[in-house]
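A.B. asks: coordinates for the following, if possible.
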Amino acid sequence: MQYFKRLNQVCDPAPLLAELGGIDAIWAEQTGRQSGVPVQREALAIPLRGMVKSAQSGRPRRDVHESRWTSGSYRLPRFQEFLKQIAAEEDGVLGRAKIVSLPAGRQVYPHSDRGEYYKVRNRYHLVLKSTRGSWLKAGDEEVRMQEGELWWFDNKAVHEAKNDGQEDRIHLIFDLLPRHLETLVMRASRKARKASIDA
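C.D. replies: Predicted structure coming up:
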């Protein structure tokens, strides 16, 4: 397959789901995904790592490389530890990360992730909950990801997702920058930021 690769890493999602379920009303705290990203308007999200707003300097969000842990992520230490572990195993630098719930019967509409941030990063999905398996399409390929599986997929290709099950589908979605690119990417980002400020 060109657009998908299942990693050998398999995770027991139960401890992560238990940690998530221990925080009341956590899905209602952030609604930016539903209101700000039309193709993802039917999904709920809990941001764990996000863009550094002070680094934006007039650039589009998709061109900002700098990211940080969100204030709410510290209530989810198991998720933080998992992300740090995978970054180390894959020799990558953590970028943005979020927990996403797609309710039964809902979908993420076809789109591709464009911009300088996405161009150099790899996108991963860890399936935490999916009773029928999570259907995802990228390019002309379709997969059905199972609970506990970790997948890479090419989010630069046009992709979409649907929950055809009867319960919420929950994924941990995150980006990794290959470590060998870190210095080069951050140098270019500082240069672009300065140019944006000077313009």
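A.B. asks: show me the contacts for residue 158.
C.D. replies: Shown here is residue 158, whose contacts under the criterion CB atoms under 8 Å, 6 or more residues apart in numbering are 110-112, 138-139. Backbone N, C-alpha and C define where each C-beta goes, glycine included.
A.B. asks: and what of residue 90?
C.D. replies: For residue 90, the contacting residues are 122, 176, taking CB under 8 Å, 6+ apart as the criterion.
A.B. asks: can you check residue 128 too?
C.D. replies: 13, 16-17, 20, 99, 147, 170-172.
A.B. asks: mind redoing it with 6 Å?
C.D. replies: 13, 16-17, 170 (CB atoms under 6 Å, 6 or more residues apart in numbering).
A.B. asks: how distant is the longest helix that the chain contains from the center of its chain?
C.D. replies: Among the segments of the chain that qualify as a helix by DSSP state H, the longest is helix 182-198. Helix 182-198 has its C-alpha centroid displaced from the chain centroid by 23 Å (CA atoms, centre = their mean, to the nearest Å).
A.B. asks: okay, now residue 81: neighbour count?
C.D. replies: 11 (other CB atoms under 10 Å).
A.B. asks: swap in residue 53?
C.D. replies: For residue 53, the number of neighbouring residues by other CB under 10 Å comes to 11.
A.B. asks: narrow the contacts of residue 158 to those in strands?
C.D. replies: Counted as lying in strands by DSSP state E, out of the contacts of residue 158, are 110-111, 138.
A.B. asks: the helices in this protein, which residues?
C.D. replies: According to DSSP H, the chain carries its helices in the segments 14-21, 32-36, 77-89, 116-119, 182-198.
A.B. asks: most tightly surrounded among these?
C.D. replies: When the helices of the chain are scored by mean count of other CB atoms under 10 Å, the highest mean neighbour count falls to helix 116-119 (a mean of 18).
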